[in-house]
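Asks: pasting the sequence and the predicted coordinates here, then a few questions.
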Amino acid sequence: MKILVVDNEINIRNGLLEMISSFCSDITELHEAEGVKSGLEKIETINPDVVFLDVELDDGTGMDLLLQLQEINFHLIFITAHNKYAIDAFKFSAIDFLLKPISPDDLINAFDKVEQQYKNKFLNHQLQVMQDSLNKITSREKKIVLKDSSSIYFVNVNDIIRCESSGQYTEFYIEDTKRIVISKSLKEYETLLEPFGFIRPHHSHLININKILRFDKVNGGSLIMETLEEIPVSHRKKTQILQVLGSL
């Protein structure tokens with residue numbers, strides 16, 4: 001497996017190359033570049049299998065580099081600092097990323113994903129979702145990428161009716177689509193979707209307020225969705241829910 005690390009910080013670059021050599025197997029070649037221009041030259045020359053790409057480079061951005069490629073024939077892993085908007089964009093697009101400073105455990109997990117989904121043919125679409133997230137488009141246009149064990153789904157956020165917790169998994173219920181089960185917690189999606197009109201009326205449920213049909217006061221209160229599904233409202237969330245509904 002041929003690896004390319006593109007990062008303008010030499011200490012980060014050297015540290016990552018050293019960790020890859022120490023903790024990752026099946027590596028046949030290790031290469032490095034410090035920017036957009038040198039990264040493009042390396043990609044053309046060595047045809048890497050995996051590229052670790054810094055978001056911010058001295059002569060442009062990681063996206064600037066990718067936009068100059070006619071085709072992406074490698075597995076992409078972004079490298080980024082703790083920037084909330086960038087991290088949210090990665091999560092919406094389901095693109096792999098590593099946070100600086102990079103830990104050996106995170107690196108090993110990243111390579112495990114590479115082995116599971118080698119050569120992602122949907123990467124260009126995911127990059128568009130990521131770019132849209134960074135541009136902060138409205139919820140009506142907003143998309144999220146959901147991956148289950150066999151497929152990748154590109155879903156309009158506005159089409160999500162509700163999400164339900166199932167242990168360490170989250171079940172998505174989407175208009176005109178089968179149920180999609182994702183191996184991530186409901187809490188992670190609550191953080192992502194809350195700015196787009198989603199509320200959590202119960203510890204097991206996250207719902208789209210635009211899909212609520214009515215609030216029933218019987219038995220402590222529950223929300224009836226457009227699908228006629230009944231979602232419980234916990235006692236401690238009742239006041240908040242009524243305030244949200246009153247502002248619609």
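Replies: Received it, and whenever you're ready, just let me know what you need. Numbering: from 1, shown residues only.
Asks: and the chain, what are its domains?
Replies: Taking automatic domain parsing as the domain assignment, the record places the domains of the chain at 2-133, 155-246.
Asks: could those domains go into TSV alongside mean pLDDT and distance to residue 141?
Replies: Yep, even glycine has a C-beta here, placed from its N, CA and C like the rest. Listed next are the domains of the chain as TSV, based on pLDDT from 0 to 100; distance: least, Cβ to Cβ, whole Å:
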stretch	mean pLDDT	distance to residue 141
domain 2-133	90	7
domain 155-246	91	8
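Asks: can you list these in CSV and add mean neighbour count?
Replies: Converted to CSV, these look like this (neighbours: other Cβ atoms under 10 Å):
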stretch, mean neighbour count
domain 2-133, 17
domain 155-246, 16
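Asks: phi, psi of the closest residue to residue 213 other than its chain neighbours?
Replies: Closest residue in space to residue 213, ignoring its immediate chain neighbours: residue 224 at 4.7 Å, by Cβ to Cβ, 6 or more residues apart in numbering. Note on residue 224: its backbone torsions stand at phi -100, psi 120 [degrees, to the nearest 10].
Asks: about what we covered before: how about the domains of the chain in a markdown table, adding distance to residue 142?
Replies: Converted to a markdown table, the domains of the chain look like this (distance: least, Cβ to Cβ, whole Å):
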| stretch | distance to residue 142 |
| --- | --- |
| domain 2-133 | 7 |
| domain 155-246 | 4 |
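Asks: those: which one's closest to residue 148?
Replies: If you check each of the domains of the chain against residue 148 by Cβ to Cβ, domain 155-246 wins as the nearest, at 5.8 Å.
Asks: how about the helices in this protein?
Replies: Counting by DSSP state H, the chain has these helices, from start to end: 10-23, 36-46, 62-67, 84-93, 104-116, 123-134, 186-193, 238-246.
Asks: residue 30 is nearest to which of these?
Replies: helix 10-23 (5.6 Å).
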